[in-house]
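output the structure for:
(2 chains)
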There are 2 protein chains.
Amino acid sequence: MRDFSTDHRWLSINTATVRRQHGQDWGLLDILDACAARGIRAVSPWRDQVAAAGLQATAARLKQHGIELSGYCRGGMFTHAGAASRQAVRDDNRRALDEACTLGAPCLVLVVGGLPGALQGHALHKDIGAARAQVHEGIALLLEDARRVSMPLAIEPLHPMYAADRACVNTLEQALDLCDELDLAPAGPAGVSGPAALGVAVDVYHVWWDPKLQAQIERAGHRRLLAFHVCDWLVPTRDLLNDRGMMGDGVIDIPRVRGWVEAAGFAGYSEVEIFSAENWWKREGGEVLATCIERHRCAV
Amino acid sequence: MRDFSTDHRWLSINTATVRRQHGQDWGLLDILDACAARGIRAVSPWRDQVAAAGLQATAARLKQHGIELSGYCRGGMFTHAGAASRQAVRDDNRRALDEACTLGAPCLVLVVGGLPGALQGHALHKDIGAARAQVHEGIALLLEDARRVSMPLAIEPLHPMYAADRACVNTLEQALDLCDELDLAPAGPAGVSGPAALGVAVDVYHVWWDPKLQAQIERAGHRRLLAFHVCDWLVPTRDLLNDRGMMGDGVIDIPRVRGWVEAAGFAGYSEVEIFSAENWWKREGGEVLATCIERHRCAV
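Okay, the predicted model is just below:
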C-alpha cells in the first residue's frame, strides 16, 4: 500500500467539493489555479462546471498547469420515459464522451439513473427491475460509442439510499455483474493490461457498508478498478445528499478500503468528492483544499 | 397471493406508527383499544411502550381484545464496548425474550446494532467487521436462550444507511448467511414445519432496493420468513430515520414484494411500521389507523 503521509501526489480533487464556496459558485478555472498553486496534480470536474468555464478553456488551463483528470463526472442517467428521451440520453452521453476525450480523462464516470421522474419528485413507475433493464441497455449502447473513442466507462454504484432517484445500481457486485454481461473480453488483446473498456468507480461513501466489499474489489481486479473516491460517513448524517464528511471526520475505515483496492492493483488517484451544504461548501475554498491535502496524508 | 382488498384481517400495526400523535405519546393500552375498535387483529409493540403500560396490563388487554402479536420490537443491539456491556446486552435480551413469551409473540425482532457508540454520536471504532463479529457471537448466545423458551428470533436487516449507528446487518443475504451459520438444523424434527429458531424479518423499506431481493426471499423459505413489514420510500426522503411513507405514497412496489414472500410460503400478517415525524405522527391516531386499513387494502 502506498505511503500517502509525506506528500499528496496521489490526491485528486473532484471539483464538486469546492463548487459553491460561501453560497457562490467557484469557477472551474479558478479552482484549477487554486489546485495548481497547492501542488494538486489531478481533478475530476463536473460537466456543468466545464460548460460554464468553456470546454476549450478548461482543456487549455489543465494543460497550462499540467493537471490531469482522475475521471470525468458524469455520464449515465440511462433510465427514461420513452423513445424520445432514450435518444436524448444517448446523444447527451455521446457529448460527454467527446468532452472526456478533449479533456484527456482516464474514464467517464456513470451514474446510471433511478426510477424515471423520481429525481424530479414524481416517479413515473415503481418497477426498479425495468429501470435496471434500461440501464443495461443504455450502457450496452454507450459502450459501442466509448470503444470507438477508447474512453473507458466507469459504473459508479451509488448507496442504496439513492436507488429511487439517482442510481439503481447499488452494490459493487451488481456493477461487476453488468461488466461481466456487457464486456465479454475484459482482458483485451494478449499482453495488454490497460484499463478495461467497462469498469467501476469505487466511492467509499457508497460502498463502505457492504459485507461483500472486499471480495468484490478482488473480483474487479486492476483492469476494472477505474476510479477511487473518498469522503466520510458522518454520524449522524443529517441529509441524504449533501452531508458528506471530510476524510477522518466519520466512521469509514478509508485506509482499509484503499488497502483492498491497491492489493487488487489499483495505482491511481484518490479522488476527494464531498457534498457538504452545511459545512465545507460554506468555507473558503483554499481552506477546503488545504484540509483535503492534510487529510489525504493522515486519513486516507 | 392473498386478496387484501376486501378486509384487513392480515393487517398488523407496529405501534411505533401511532406512538406520538400530536407530539404526545399515545399510550399502548389506548392504542390497543383503538385497534380493537377498528377490527385490527394484530400489533407489534415496542418494549418501551410495553414498559410504560406495564407488561401484565398489556398482556391482559391483548387477551381482552383477542389481539395477537405479529412480532415484538425489539431485541439485539449486540455490538458493545467490552465485557461489562456485553453482559448487560445479554441480560437485556433475555428480559426481552421473557416479555415476548408473556405477550405470546411469534418472534422477537432483532435490530443488531452498529458501531458501538455511533448511535450516541461517537463511534468507538471504525471496524464494521469487528462489529459484525460481535453480532454473530451475540445472536449465537441469545439463540441458546431463545431455544429454551421456544421463541423464534427474527434478524431484521436494516437499510445500509443505518449501518453505522443501528444495524450492521444490511442485506437479506447477509442475514440469511447468519442463519445458515448459527442455526444448523433449520428444518427441525422430521415432519415439523413450524418457524425456524432463527429467521428474518423482511421490511420492504430496508430491502426494496436490493437487486438480489427476490432470490434471497426464495432462499429464506417459509420457515425463516418470520415477519413482513411495510411502509413506503418517499421521493424525496428528507430524513434518514423519521421520514417513512404510508403505503402507496412512495416508490416501493409493495404488492410485488408481498407476492414474493407469499410465494415462498409466508402466510402471516403484513405489519405497518411508519416513522414519520413530519406527517403521520402529527395526525390524530384514529385517522392514521383508518389510513393504514385503507392502504392495506389497496396498496399492499
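
I'd guessed A:R244 sits against A:V272; true?
No: using Cβ atoms under 8 Å as the test, A:R244 is too far from A:V272 to be in contact (10.1 Å). Just so you know, the C-beta spots here come from the backbone N, C-alpha and C atoms, and that holds for glycine as well.

and the two? Which one has more around it.
For A:R244 versus A:V272, neighbours defined as other Cβ atoms under 10 Å in any protein chain shown are more numerous around A:V272 (29 against 24).

and that one, what are its bridge partners?
A:I13, A:V230 (DSSP bridges).

buried ones in the worst-scoring helix or strand of chain A on mean pLDDT?
Within chain A, no helix or strand scores below helix A:83-102, which has a mean of 95 by mean pLDDT, DSSP states H and E. Applying a neighbour-count criterion of 16 or more other Cβ atoms under 10 Å in any protein chain shown, one finds A:R86, A:V89, A:N93, A:R94, A:A96, A:L97, A:E99, A:A100 buried in helix A:83-102.

so after that helix, what's the next helix or strand?
strand A:108-111 (DSSP states H and E).

how about the residues of the stretch 1-150 of chain A near chain B?
Residues of the stretch 1-150 of chain A lying close to chain B by Cβ under 8 Å from any Cβ of the partner chain are A:L115, A:A118, A:G121, A:H122, A:A123, A:K126, A:D127, A:I128, A:R132.

pLDDT, secondary structure and neighbour count added to those, as a markdown table?
A markdown table is the format used below for these (pLDDT from 0 to 100; DSSP: H, G, I helix; E, B strand; the rest coil; neighbours: other Cβ atoms under 10 Å in any protein chain shown):
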| residue | pLDDT | secondary structure | neighbour count |
| --- | --- | --- | --- |
| A:L115 | 98 | coil | 23 |
| A:A118 | 97 | helix | 26 |
| A:G121 | 90 | coil | 10 |
| A:H122 | 94 | coil | 10 |
| A:A123 | 97 | coil | 21 |
| A:K126 | 98 | coil | 21 |
| A:D127 | 98 | coil | 15 |
| A:I128 | 98 | helix | 25 |
| A:R132 | 98 | helix | 21 |
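
the residues you listed: which two are farthest apart?
Distance extremes for the residues of the stretch 1-150 of chain A next to chain B: the farthest pair is A:G121 and A:R132 at 21.2 Å, using Cβ to Cβ.

just to revisit the earlier point, anything in contact with each of A:R244 and A:V272?
Shared contacts of A:R244 and A:V272, defined by Cβ atoms under 8 Å, 6 or more residues apart in numbering or on different chains, comprise A:C231.

okay, and A:A290 sits in which element?
If you go by DSSP H and E, A:A290 is part of helix A:285-299.

any residue of that helix touching chain B?
No: applying Cβ under 8 Å from any Cβ, one finds helix A:285-299 separated from chain B by no less than 10.5 Å.

other residues contacting that helix?
Applying Cβ under 8 Å, 6+ apart, the set of residues contacting helix A:285-299 from outside is A:4-8, A:10-11, A:13, A:17-18, A:21, A:26, A:31, A:34-35, A:38, A:40, A:232, A:246-248, A:254-255, A:270, A:272, A:280.

can I get the buried part of these as one PyMOL selection?
Applying 16+ other Cβ under 10 Å to the contacts of helix A:285-299 leaves a buried subset, and the PyMOL line that selects it is:
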select buried, chain A and resi 4+8+10+11+13+17+18+21+26+31+34+35+40+232+246+247+254+270+272+280
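
from the buried residues of helix A:83-102, which is closest to B:V111?
Using Cβ to Cβ, these come closest to B:V111 at A:V89, 40.0 Å.

tell me the spacing between the most centrally placed residue in chain A and chain B.
Nearest to the geometric centre of chain A sits A:V109, at 5.1 Å (Cα atoms, centre = their mean). A:V109 sits 20 Å away from chain B, going by Cβ to the nearest Cβ, to the nearest Å.

that residue reaches A:G75, doesn't it?
Yes: with contact defined as Cβ under 8 Å, A:V109 and A:G75 form a contacting pair (7.1 Å).

so where's the stretch 51-200 of chain A uncertain?
The model of the stretch 51-200 of chain A has pLDDT under 70 over residues A:185-192.

show me what from the stretch 201-300 of chain A comes close to chain B.
Near chain B, when you scan the stretch 201-300 of chain A using Cβ under 8 Å from any Cβ, you find A:208-211, A:233, A:235-237, A:240, A:250-253.

including pLDDT, neighbour count and secondary structure, could those go into CSV?
Putting these into CSV (pLDDT from 0 to 100; neighbours: other Cβ atoms under 10 Å in any protein chain shown; DSSP: H, G, I helix; E, B strand; the rest coil) gives the following:
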residue, pLDDT, neighbour count, secondary structure
A:W208, 98, 24, coil
A:W209, 98, 25, coil
A:D210, 98, 24, coil
A:P211, 98, 18, coil
A:W233, 98, 25, coil
A:V235, 97, 20, coil
A:P236, 97, 12, coil
A:T237, 97, 20, coil
A:L240, 96, 18, coil
A:G250, 98, 23, coil
A:V251, 98, 25, coil
A:I252, 98, 25, coil
A:D253, 98, 15, coil
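
which of those residues lies closest to A:Y162?
Closest to A:Y162, out of all of those and judged by Cβ to Cβ, is A:L240, at 7.6 Å.

give the contact list for whichever residue of the stretch 201-300 of chain A sits closest to chain B.
Per Cβ to the nearest Cβ, A:W209 is where the stretch 201-300 of chain A lies closest to chain B, at 3.6 Å. Residues near A:W209 by Cβ under 8 Å, 6+ apart: A:H159, B:I128, B:P160, B:A163, B:A164, B:C168, B:N170.

could the residues you listed go into TSV alongside secondary structure and distance to A:L69?
Below are these laid out as TSV (DSSP: H, G, I helix; E, B strand; the rest coil; distance: Cβ to Cβ, whole Å):
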residue	secondary structure	distance to A:L69
A:H159	coil	24
B:I128	helix	32
B:P160	helix	30
B:A163	coil	31
B:A164	coil	32
B:C168	coil	35
B:N170	coil	33
